[in-house]
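K.L.:
Build me a model:
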Amino acid sequence: MSARTPAPSSAALCLVALSLVPEAALAAPVPGNPPLPAGARVGIVSQLDAEVTHFHASKQIENSFLKTYPMKWSVSTMLLDAVQDRLKQLGLVAVAVAPSDELTRARERCFLDAALAKGLPKECAPLFARLAATERLNAIIVLGPGRNDSAHAGATRHKELPEYLRGWCFVTGEGGPDALPSLLNLSELLLIEVSGPTARLSARQWGGNGQSWLGYKSPPDLKAFSEQQLGQLQALFAYMLRQQADALLLHVEVAH
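P.N.:
Residues are numbered from 1 along each chain as shown. Predicted coordinates:
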């Protein structure tokens, strides 16, 4: 196990936050979105697993490897923290909502297998509409996994990395043994507006690159990161998520 590693300083984290500007070209509003009424209830839903995937890249393919670590983070709380202040400023009400069973079962086809740049898959829209009806919501902000492929990342996908990478990741081995790991936020953040039985995708924001893991020290065994060291990443991914959310919420209009 690695020696005790100090957490990044607040100043270092702020530098990361300033550098984590999502790719604006991937923030895709739908023209002609109707404004939400003042006081509208916006459901905040996470379908992203609380886990971090480590991919080690090597020039010798046989030496590359992947390992996913489950984390004790509440991604739902992280998402709510990322959006609630801005929603309040807009005069909207953030409502933490668990995904329905049918949305949970449909996560693969509604996120990972979906070309969300083209809108919600037809079979997914009713699932969000039913959740909105149950929870009395005017709109839903939902976070889900994406892949490192052209359907999700577009021109920003990392061609040097496997397309099957998904969710929150860090990559070692690129740039030599002393290089800081790069962070990737391979997730989709969607704004879905609901009217009766109809749900439509109003905007989406791809997570994208997260620069480097500041404060990183290589552990003795790259295949066995400690829970303590991986815990440093929660604050970094929280900053990345807030940047992603801020970009998405630029497309929200409220009627007054």
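K.L.:
Show me where the stretch 51-200 of the chain has its strands.
P.N.:
For the stretch 51-200 of the chain, the strands defined by DSSP state E, counting those that start in this stretch cover 51-56, 65-70, 93-96, 139-145, 167-172, 182-195, 198-212.
K.L.:
Mean pLDDT lowest where, among those strands?
P.N.:
Mean pLDDT is lowest for strand 198-212 out of the strands of the stretch 51-200 of the chain, coming in at a mean of 93.
K.L.:
which secondary structure elements does it contact?
P.N.:
The contact analysis (3 or more C-beta pairs under 8 Å, 6 or more residues apart in numbering; DSSP states H and E) places strand 198-212 against helix 10-19, helix 125-135, helix 150-153, strand 182-195, helix 233-249. Every C-beta, even on glycine, is put in place using the N, C-alpha and C of the backbone.
K.L.:
now that strand: how far from the chain's centre is it?
P.N.:
7 Å (C-alpha atoms, centre = their mean, to the nearest Å).
K.L.:
Would you mind listing the buried residues in the helix or strand that it is followed by?
P.N.:
Sequence-wise, the next helix or strand downstream of strand 198-212 (DSSP states H and E) is helix 227-230. For helix 227-230, a neighbour-count test (16 or more other C-beta atoms under 10 Å) marks 229, 230 as buried.
K.L.:
Kindly export helix 227-230 (C-alpha atoms) in CSV.
P.N.:
This file holds the C-alpha atoms of helix 227-230, laid out as CSV (Å, rounded to 0.1, in the frame of the first residue of the first chain):
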residue,chain,number,x,y,z
GLU,A,227,-9.0,3.7,-0.8
GLN,A,228,-7.3,6.6,0.9
GLN,A,229,-5.4,7.7,-2.2
LEU,A,230,-8.4,7.2,-4.5
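K.L.:
Let the chain start at 631 from now.
P.N.:
Let's use 631 as the start, then, which means that last one is helix 857-860.
K.L.:
I'd like the mean pLDDT over it, please.
P.N.:
Mean predicted confidence for helix 857-860 is 96.
K.L.:
Run the chain-centre distance for that helix.
P.N.:
Distance of helix 857-860 from the chain centroid (C-alpha atoms, centre = their mean) equals 20 Å.
K.L.:
any chance of the strands of the stretch 681-830 of the chain in CSV, plus distance to residue 762?
P.N.:
As requested, the strands of the stretch 681-830 of the chain are arranged in CSV below (distance: least, C-beta to C-beta, whole Å):
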stretch, distance to residue 762
strand 681-686, 28
strand 695-700, 30
strand 723-726, 10
strand 769-775, 6
strand 797-802, 25
strand 812-825, 4
strand 828-842, 7
